[in-house]
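A.B. asks: My questions are about this predicted structure, shown below with the sequence.
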Amino acid sequence: MKKIPWSKIIIYGLLLFLAVSVLIPLLNLLAMSLSDPKRVGELSGLGILPKGFSLINYEILLSHPLILKSIGNSLFITIVGTTLNLMLTTMTAYVLAKTEFVGKKVVIFFLIVIMVVDPSMITEYLLVKNLGLLDSYTSLILYRAISVYYLFILMRFFNEVPDSIIEAARIDGAGHFKIFTKIMLPLSKPAIATFALFYGIYHWNEYFRATIYLTDPNKWPLQVVLRQFVINQDNTTLLSGLSSESYDVVASLDLPSLQAGTIIISIIPLLLVYPLILKHFTKGALEGGVKD
Amino acid sequence: MKIKKLIKRIREDWVLYLMLLPGITYFIVFHIVPILGMKLAFQDYRIIGDNEWVGLKHFKVLMDSSAFYDVLKNTIIISTMKIIFIFPIPIILSLLISEVRSGRFRKYVQAVSYLPHFLSWVVIAGVWISFLHPADGGFNVIRNFFQLPSIDFMTSKEHIRWVLVFSEMWRSAGWDSILYIAAIMKISPSLYEAAKIDGASSFQQMRYITLPALLSTVITIFILNLGFFMNAGFDQVFNMSNDSVNSVIDILDTYVYRIGILNGQYAYATAASLFKGVVGIVLILGTHYLSKKYTGKGVW
């Protein structure tokens, strides 16, 4: 038998420890949310297997009007927002990366300024207020319609498409819009898919603008409801939303488990696309380029 | 003559301008307008009518306010702690991962370590509040196992900054190691083979091949981090703070949020924002200059 060197054992051990320390807190919440509310007290803070098994937390959460509504709101914001992100980012990136026009240098200069200078959250808030967009999804969807970082990365990606293809299309009489839709977009599907994931996750996770722009709880996305419930410990909003016949159910509930369930629900869509992220990521479409 | 030619070119390219229009409009309305709007820092805000220019009034109040120095101090302390304790971790992680030859183990470790980066700070705060719970949180279970008393970390002024450091590490170490792993993968295998023939141990290979090859990436990322020094993690503090510990982790951005959005002192809050923004830009331009000088690559 070959002797395993000590250094190997230490390296594998450290990495295993790291992976476990990422996973345990998450799996513990999952176990909590799936435990029988009467037995959840037995679950250790490091436990990853539910004590007993019950879906009662999820039944309650997924029949709760505020939570249901907020999931719908989040999906709406994510889908509409990402679609708009992709249309605007790709079109702008094409023009800036693949064409020459009068004024291009000025535009690029301003984009660099925008990348370096962040507006104050106060003036952004006042802008949204003055435009009459408070309490409307338009503000959430529009305020980050294009990420300058993603725009620059996509421009770099578009630059790698050979000019000769575009030249050939020009000679055949294709206009810029046609080249963009018929050549650039199909050629950059993997990159666009990656950006769709990143934009999508951004929208799904967004909570701060929604917190300050939306005052009507019926419009809140899931992250804001989650924050209200888990961070601000506002249990009354959640419990008062339950239908009256479930009062006896409420009495048997364990609030931390219910909170754990809400966290898990908000992570599920992310886990669904996570294999895609890893796949597209390893394809290297963004390797070395994306930070945040 | 020249102008005529210019106009002719612009006319020919009208499709391009049309395609650019939505993007440019967006950038003007949602970036340039609020950036220029920061002139509010030199004005008094009026709900009706024009704002009144007041010069440096708000900055004077700011400089005389002890609250401002407290949040400035917290921002600097938290950012410095994060740079010292978090910055080296992804480098170490990338070195460890690159030592792993088994494809599957490596893939799983990477997949797991990237995951927290994609969670929102609301979720991360929720996870950590639960994990650090004084009664039955996982970390206190470990402490109790070693006969140590439970600590309520989230409400302890002594510990809360470390909670910020470790939760940020938990979130970002894996994801941030990607850039280093990519840099290590670019090192030519023939270097290691030659070193092996010369009898270099794997530690010597790391010391004399991997680390020197990583150096320029390390410098670039360190410099980039310096550019974000004044941020200190708004979302993190926003979700992890509470009345017991707010005084030691209240940073510039949360201060701006509180006095501006919550208290409605728009002009005063904008002045604080502008102060932070200007320091930030100086840091970014400075680091851009340093980066060009030492690595030949700018920040952009």
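C.D. replies: Good, I have the coordinates.
A.B. asks: Look up the closest residue to the residue in the stretch 151-300 of chain B positioned nearest to chain A, ignoring the ones flanking it.
C.D. replies: The stretch 151-300 of chain B approaches chain A most closely through residue B:273 (3.4 Å), counting by C-beta to the nearest C-beta. C-beta here means a position set from N, CA and C on the backbone, and glycine is covered the same way. Leaving aside its sequence neighbours, residue B:273 sits nearest to residue A:120 (C-beta to C-beta, 6 or more residues apart in numbering or on different chains; 3.4 Å).
A.B. asks: ok, now which ones touch that neighbour?
C.D. replies: For residue A:120, the contacting residues are B:34, B:37-38, B:256, B:260, B:269-270, B:273-274, B:277, by C-beta atoms under 8 Å, 6 or more residues apart in numbering or on different chains.
A.B. asks: OK, contacts around the residue of the stretch 151-300 of chain B closest to chain A?
C.D. replies: By C-beta under 8 Å, 6+ apart, the residues touching residue B:273 are A:120-123, B:38, B:41, B:256, B:260.
A.B. asks: Next, format these as CSV and append secondary structure.
C.D. replies: As requested, the contacts of residue B:273 are exported to CSV (DSSP: H, G, I helix; E, B strand; the rest coil):
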residue, secondary structure
A:120, coil
A:121, helix
A:122, helix
A:123, helix
B:38, helix
B:41, helix
B:256, helix
B:260, helix
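A.B. asks: Looking at those, which two lie furthest apart in space?
C.D. replies: Within those, A:121 and B:41 form the most distant pair, 13.3 Å apart (C-beta to C-beta).
A.B. asks: How is the chain partitioned into domains?
C.D. replies: Picking chain A for this. Domain segmentation of chain A under automatic domain parsing yields A:1-54, A:55-282.
A.B. asks: my bad, chain B
C.D. replies: Domains of chain B are assigned by automatic domain parsing as B:2-44, B:59-117+B:172-295.
A.B. asks: And the pLDDT for the residue nearest to residue A:177 when sequence neighbours are not counted?
C.D. replies: In this structure, residue A:177 finds its nearest non-sequential neighbour in residue B:15, 5.9 Å apart by C-beta to C-beta, 6+ apart. Per-residue confidence (pLDDT) for residue B:15: 92.
A.B. asks: who are the neighbours in contact with residue B:15?
C.D. replies: By C-beta under 8 Å, 6+ apart, the neighbours of residue B:15 are A:175-177.
A.B. asks: So it, which state does it fall into?
C.D. replies: Under three-state DSSP, the three-state class of residue B:15 is helix.
A.B. asks: Report the separation between it and residue B:149.
C.D. replies: Distance, residue B:15 to residue B:149, using C-beta to C-beta, to the nearest Å: 71 Å.
A.B. asks: ok, now residue B:93?
C.D. replies: Separation of residue B:93 from residue B:149 (C-beta to C-beta) stands at 32 Å.
A.B. asks: between these two, which one's more packed in?
C.D. replies: More neighbours surround residue B:93 than the other of residue B:93 and residue B:149, with 23 against 8 (other C-beta atoms under 10 Å in any protein chain shown).
A.B. asks: got a list of what that one touches?
C.D. replies: Shown in contact with residue B:93 (C-beta under 8 Å, 6+ apart): A:18, B:113, B:173-174, B:177, B:180.
A.B. asks: Okay, and the residue of the stretch 151-300 of chain B closest to chain A sits in which element?
C.D. replies: Assigned by DSSP states H and E, residue B:273 falls within helix B:266-295.
A.B. asks: so residue A:66 makes contact with residue A:234?
C.D. replies: No. In terms of C-beta atoms under 8 Å, residue A:66 does not count as a neighbour of residue A:234; the distance is 11.0 Å.
A.B. asks: who's more crowded, the two?
C.D. replies: Between residue A:66 and residue A:234, residue A:66 has the larger neighbour count (other C-beta under 10 Å), namely 20 against 13.
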